[in-house]
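Undergrad: Need a 3D model of the following:
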Amino acid sequence: MVETERKGTPPPKKEKQGKKLIAGTDKENVNGNIQLIDNGKADSASPTSIDQTPKIIVEAPAKLPAEAKHAPLKNPADARADQNHVTGKTSPEMSPQETHDKVMKWNTDKMAPKNDSTEEMISGLKKAGIDVVKENDSKSVMSMDSEGSRLDRLLAQCTDDRKHLSPSLLRLYIDEMDEDGKFHMPKVSIREFLKHLKRTGLQPFRDPRLASLMNSLSNDPSGVLTIQSEIGCKKFMEVEDFIEVTSPVAYLLNKALSSNLIIPEFPEFCKEITAIYNTLLPMKGGENAQYIPQLARVDPDQLGISICTIDGQRFNIGNTNVPFCIQSCSKALNYAINVAELGPEKVHQHLGKEPSGVGFNQISLDKKGLPHNPMINPGAIACCSVLKNNWSLDDRFDFTIGEYKKMAGQEFVGFSNATFLSEKSCADQNFAIGYFLREHGVFPKETNLKQTLDLYFQLCSVEATCESAAVIAATLANGGVCPTTQESCLTPDSVRNTLSLMYSCGLYDYSGEFAFEVGLPGKSGVAGSIFIVVPNLMGICVWSPPLDSLGNSFRGIEFAKMLCKRFSFHQYDCISGGGGNKIDPRRYQTSESKESQIVNMLFAASAADTVLLRKYLQ
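TA: The predicted structure follows:
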C-alpha cells in the first residue's frame, strides 16, 4: 500500500526503514512535503495481489494560491518503468533499486499539489481518479481505488466454493496484458481458462452442465450456444462478470480445476488408453455377424473407444462418432427399465437370474420353467413382454427409446429401420422362442406375441455411437444418475440387479471367463459393441464389428483384458496387494515432494481455500 501524508516537518529525503522506503519530494512545495511509503507488497512470491492504492492524508492549510492544479498520475514516457514496478520486473538498463526510486520519485513529484486551495485541490484529485473523504473539516483522506485493491476485494468475496470459483484458481487466469503486450486492467483470459478446463477431461462445448456458461462466454450477441471451439469465445472478460457467470457451476469448476474429479490426472490416464488403442488397431481376428445382412456389410476395420467417468470426464479415440446398432446391449437396459418401473419381484415372475450354459439364442428354460436370465434371447423377449405391456406398440417404443436418451444425456440415440427389417426377415429362431415361451406361460396374460417380438427387434435396431453409449454405461456406473445431466434415470436397486446379471451373464458363453479375467460387469452385442461398467468410476464403450467364435467383439475382449492388466479395475483388486503394480487412476499421482505439499497445504489453510485443501487432504 502506498500512503501520502502532509506534515509540518519535512521528512528525510530518502532512508530505508525495514521494508519501507521513504522518499521526499520537491522542497519548492509551498505546504510541506509528501511522503510515499512502500510497504513491500510487491513481493512476487506473495499469494495475494500487489496493493498499489495511494492514500493522501493532508492537513488543510488556511489558504493556498488558486492557480495551482493537480498533475496527472500517469506519464507515458515512464509507462514501462511503472509497469515494471507493478509486475515486479526491472528494466535491463536499471537496477531494481534504481527502478523503484525512479517510479517513487516520479509519482511523488506528480501527485504533490502545488499552490492550490483545499477545495480546488480536492476537485483536481477527484478528476485524476482519486476518491476524497473529509475528516473533521481539517483533514482529508484520499485514496485511489487501484485495480489491484479492487481485485482483492472481489476475490475476498469468493468464500463459498459452491457459489464462487476459488480465488487461488481464479488468479491463474487473470491477465494484465492485451494481445499487443500493453498493460491494461486485470481481466480473465477465457482461452487460458478453457485450455485448463479441457485438460481435466470435461468437454465445455458439449457438456450440458456448462451450456449456460458457454453461452455467456460466446461472442454471439444473441447469447445462443453456437461455438464449438475457443475461436467463437470472447478473449477476455471482466473479473466481476466472470465471477458472476461461473457462479452456477462453481462447484463443478472448483472440483475440476483443483484436480478433485474422480480421475485427477486425466491426461495421463488418456495416454494409457491411447497406448492400448494403438496396440489393438493392427490386430486382426474374427468376422462380422453374417446372419443379419446389414451387420455383415459394416467395415470390419473400424475401432472406437469412448470413456465417460461419473464426473463427466470424457475421452474418445478412433471411430467414436459412427452409429451402430446396440443389438443385445439393449437387453441390459430393458431389464433395468423394467425393474425400475415394476420392481424386481414382479419382473422375476417371468424370468430367472442364472447363467444358462447354452447359446444366447437357444430354446431353453431353467428348473422353474422360466428363461434363465434377461441377457439372452429368451429372457430378453420375456422382458419385452413385460415392458409397458398394456400400451400400444408405438407408445412402448417411444417410451423405451426416450429412456435410452435420458441415460445417454440426450446424446445421439437413433434407429436403423433397415436393420429392423433385416432382423425381422430372418427371425425364425426368435419366433420359435416366442411360441415356446407362450406355450409355457412365461408371458403376462393377454400378451400380443407379434407386437412383443416387433418391440424386441426394434430395440435391437436402436443406434448409438461409442460416445453416447459410454454415457449410458457411465449412468449405470453412477447408480442410475446420468453424469452429464445429473438426471435420475434408474433406481439404485435396478442398477445393482442389472450389474449383477451383466457380471455373471453379460457376454454369452464367455461370461464366466470374462468375470474371472476382467472382473467387471459387461454386455456385448453382435454388432461389435461391448458396454463395460467400472462401478463408481466410469462407463466404457468399445466398438469393433468382427466377432469371435462366441459372438463377442474380438478386439473388444482384448481391450478389456489389457485395460484390467494396466489398471486396478478388477472387482477384487481391492484386496490388499491384489492390484500388484497396477495403476489406480483414482489416486492423485503427484510429483510434488512431501515438503512442497505441506507448504502448499499451509498456504491454502492460511487463505481459507477449502478447494485446494481438499486436494491435499484427500
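
Undergrad: Quick one: list the elements packing against the helix or strand where V471 lies.
TA: For V471, the enclosing helix or strand under DSSP states H and E is helix 466-477. With contacts taken as 3 or more CB pairs under 8 Å, 6 or more residues apart in numbering; DSSP states H and E, helix 466-477 sits against strand 304-309, strand 314-318, helix 329-342, helix 393-407, helix 492-505, strand 529-534, strand 538-543. For glycine as for every other residue, the C-beta is placed from the backbone atoms N, C-alpha and C.

Undergrad: Quick check: which of these is nearest to Q362?
TA: helix 492-505 (13.6 Å; CB to CB).

Undergrad: Adding distance to P267 and mean pLDDT, write the helices and strands packed on helix 466-477 out as a markdown table.
TA: Below are the helices and strands packed on helix 466-477 laid out as a markdown table (distance: least, CB to CB, whole Å; pLDDT from 0 to 100):
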| stretch | distance to P267 | mean pLDDT |
| --- | --- | --- |
| strand 304-309 | 13 | 98 |
| strand 314-318 | 9 | 98 |
| helix 329-342 | 29 | 97 |
| helix 393-407 | 27 | 97 |
| helix 492-505 | 29 | 97 |
| strand 529-534 | 19 | 98 |
| strand 538-543 | 15 | 98 |
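
Undergrad: got the ones you listed as TSV, with distance to S247 and mean neighbour count columns?
TA: Output for the helices and strands packed on helix 466-477, formatted as TSV (distance: least, CB to CB, whole Å; neighbours: other CB atoms under 10 Å):
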stretch	distance to S247	mean neighbour count
strand 304-309	24	28
strand 314-318	24	21
helix 329-342	34	25
helix 393-407	27	17
helix 492-505	31	21
strand 529-534	32	27
strand 538-543	28	29
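
Undergrad: Can I get these in TSV including distance to P248?
TA: Output for these, formatted as TSV (distance: least, CB to CB, whole Å):
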stretch	distance to P248
strand 304-309	21
strand 314-318	21
helix 329-342	29
helix 393-407	22
helix 492-505	27
strand 529-534	29
strand 538-543	25
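
Undergrad: Tell me the backbone dihedrals of Y572, please.
TA: phi -110, psi 10 (degrees, to the nearest 10).

Undergrad: Could you report the neighbour count for it?
TA: 9 (other CB atoms under 10 Å).

Undergrad: so what pLDDT did it get?
TA: pLDDT recorded at Y572 is 90.

Undergrad: check contacts around R206.
TA: Contacts for R206 (CB atoms under 8 Å, 6 or more residues apart in numbering) come out as R314.

Undergrad: Let's see that with 10 Å instead.
TA: Listed by CB atoms under 10 Å, 6 or more residues apart in numbering, the contact set of R206 reads M214, Q228, G312, R314, G409, E411, E467, T484.

Undergrad: Among these, which has the minimum pLDDT value?
TA: Among the contacts of R206, Q228 has the lowest pLDDT, at 59.

Undergrad: Out of the helices and strands packed on helix 466-477, which gets nearest to K353?
TA: Across these, closest to K353 is helix 492-505 (CB to CB), at 6.6 Å.

Undergrad: What is that closest one packed up against?
TA: Packing partners of helix 492-505 (3 or more CB pairs under 10 Å, 6 or more residues apart in numbering; DSSP states H and E): helix 329-342, helix 344-347, helix 466-477, helix 511-517, strand 522-524, strand 529-534.

Undergrad: ok, back up a step: now do the helix holding V471 and strand 314-318, the angle between them.
TA: 140 degrees (axes from the mean of the first three to the mean of the last three CA atoms, to 10 degrees).

Undergrad: any idea how far the nearest residue to G519 once chain neighbours are set aside is from E272?
TA: Computed as CB to CB, 6 or more residues apart in numbering, the closest residue to G519 that is not its neighbour in sequence is H570, at 3.3 Å. Counting by CB to CB, to the nearest Å, the gap from H570 to E272 is 16 Å.

Undergrad: Adding distance to S258, write the helices and strands packed on helix 492-505 out as CSV.
TA: As requested, the helices and strands packed on helix 492-505 are exported to CSV (distance: least, CB to CB, whole Å):
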stretch, distance to S258
helix 329-342, 34
helix 344-347, 40
helix 466-477, 22
helix 511-517, 36
strand 522-524, 33
strand 529-534, 23
